[in-house]
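Q: Sequence first, predicted model second:
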Amino acid sequence: MHHVETHNGPVVHTGGYLHVQGAAFNPVETVQPKLGTGIEMFYVRDEPVPSAANGYGVLQAYSRETMTYRDLVISGKDVRIQNPGGGRTILPAGTAQALVGNWYTASGWVIPSANQWYESEVRANYTIASSPLVRFEFCLTLNTTIAGTVIYVGLGIDGVLTWASICVTGFPTAGLPQVVSGFMYHQGHPLGIHRASIWLYTSGGGRFDAGASSGLWITEQRA
């Protein structure tokens, strides 16, 4: 035996939990709560001509008292977002990752002396707000006035050489620019304000080529 009730207006249930058993729950109108804090689910029809076919559904955690959104957790063994109609899954900018610092310009900085690591002027300040996983990428144009020079490239954080000899390049001929690029992931990066920089080590002579740009990019991996 089935019990059916039809209500024109809000239905309020207080005390205990409400268990609804049925084949489907189908909101069809844009009727938003006036009071309370909780989960809201409703359907927005396209305007100015209402059309269920062109509308969209909304699921949100919201406080009507403070007019602010609340956190929403969706849990499951395998959570899938499907687009049967061939649409897109759109995430807000900066959700999955965000560029938090960069340096990109031509530099003529010269390595002061041989056989020692030096922090170069290719550096950038950045702030890590939420994720301990950070990606560093660089592309450098190097040169030398001494044939046979070998230059090693390292990466440092906060003025300390963190990864030495990430890559290396040699110069059989003086004055011929060489491009060096690479990347590094840092798991467990502390939050807060930091500085990343390129470090260089030379066997004798070496500099950034002033005729081309060099770059350093820092990305916070948020998802």
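A: Good, I have the coordinates.

Q: what about this protein, any weak spots by pLDDT?
A: Along the chain, the parts satisfying pLDDT under 70 run over 1-31, 46-54.

Q: please redo it, this time with the cut-off set to 90
A: 1-60, 64-65, 72, 74, 76-97, 129-132, 222-223 (pLDDT under 90).

Q: Break it down into its structural domains.
A: Domains of the chain are assigned by automatic domain parsing as 14-76, 97-221.

Q: so which of these is the most packed in?
A: Ranked by mean neighbour count, the domains of the chain are led by domain 97-221 with a mean of 16 (mean count of other CB atoms under 10 Å). In this view, the C-beta of every residue, glycine as well, is placed from N, C-alpha and C.

Q: all strands in the protein, in order from the N-terminus.
A: Ranges of strands in the chain, per DSSP state E, are 37-44, 56-63, 68-69, 97-106, 118-128, 133-143, 149-157, 160-171, 178-187, 192-202, 207-208, 213-221.

Q: do you know which of these lies nearest Thr89?
A: Smallest distance to Thr89 across the strands of the chain (CB to CB): 14.0 Å, for strand 56-63.

Q: Out of the domains of the chain, which gets nearest to Gly87?
A: Within the domains of the chain, the stretch nearest Gly87 is domain 14-76; the backing value is 10.5 Å (CB to CB).

Q: how about TSV for the domains of the chain, with distance to Gln82 added?
A: Formatted as TSV, the domains of the chain follow (distance: least, CB to CB, whole Å):
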stretch	distance to Gln82
domain 14-76	13
domain 97-221	23
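
Q: Now for Asp78, how many residues are close by?
A: 4 (other CB atoms under 10 Å).

Q: tell me the contacts of it?
A: Residues counted as contacts of Asp78 (CB atoms under 8 Å, 6 or more residues apart in numbering): none.

Q: Give me the phi and psi for it.
A: With angles defined as degrees, to the nearest 10, Asp78 sits at phi -120, psi 120.

Q: How far does stretch 42-57 stretch from one end to the other?
A: Using CA to CA, to the nearest Å, one end of stretch 42-57 lies 6 Å from the other.

Q: Gly192 reaches Tyr126, doesn't it?
A: No - taking contacts as CB atoms under 8 Å, Gly192 lies outside contact range of Tyr126: 9.9 Å.

Q: List the contacts of the residue nearest the centre of the chain.
A: Note on the chain: the residue nearest the mean C-alpha position is Gln97, at 0.9 Å, using CA atoms, centre = their mean. Counting by CB under 8 Å, 6+ apart, Gln97 touches 135, 219-223.

Q: Turn those residues into a markdown table, including distance to Trp199.
A: Formatted as a markdown table, these follow (distance: CB to CB, whole Å):
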| residue | distance to Trp199 |
| --- | --- |
| Arg135 | 18 |
| Thr219 | 20 |
| Glu220 | 22 |
| Gln221 | 23 |
| Arg222 | 27 |
| Ala223 | 30 |
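
Q: Looking at these, spot the one nearest Ile81.
A: Using CB to CB, Ala223 is the member of the contacts of Gln97 that lies nearest Ile81, at 13.0 Å.

Q: In contact with the closest residue to the closest one other than its chain neighbours, which residues?
A: Nearest residue to Ala223, sequence neighbours excluded (CB to CB, 6 or more residues apart in numbering): Ala96, at 4.4 Å. Shown in contact with Ala96 (CB under 8 Å, 6+ apart): 221-223.
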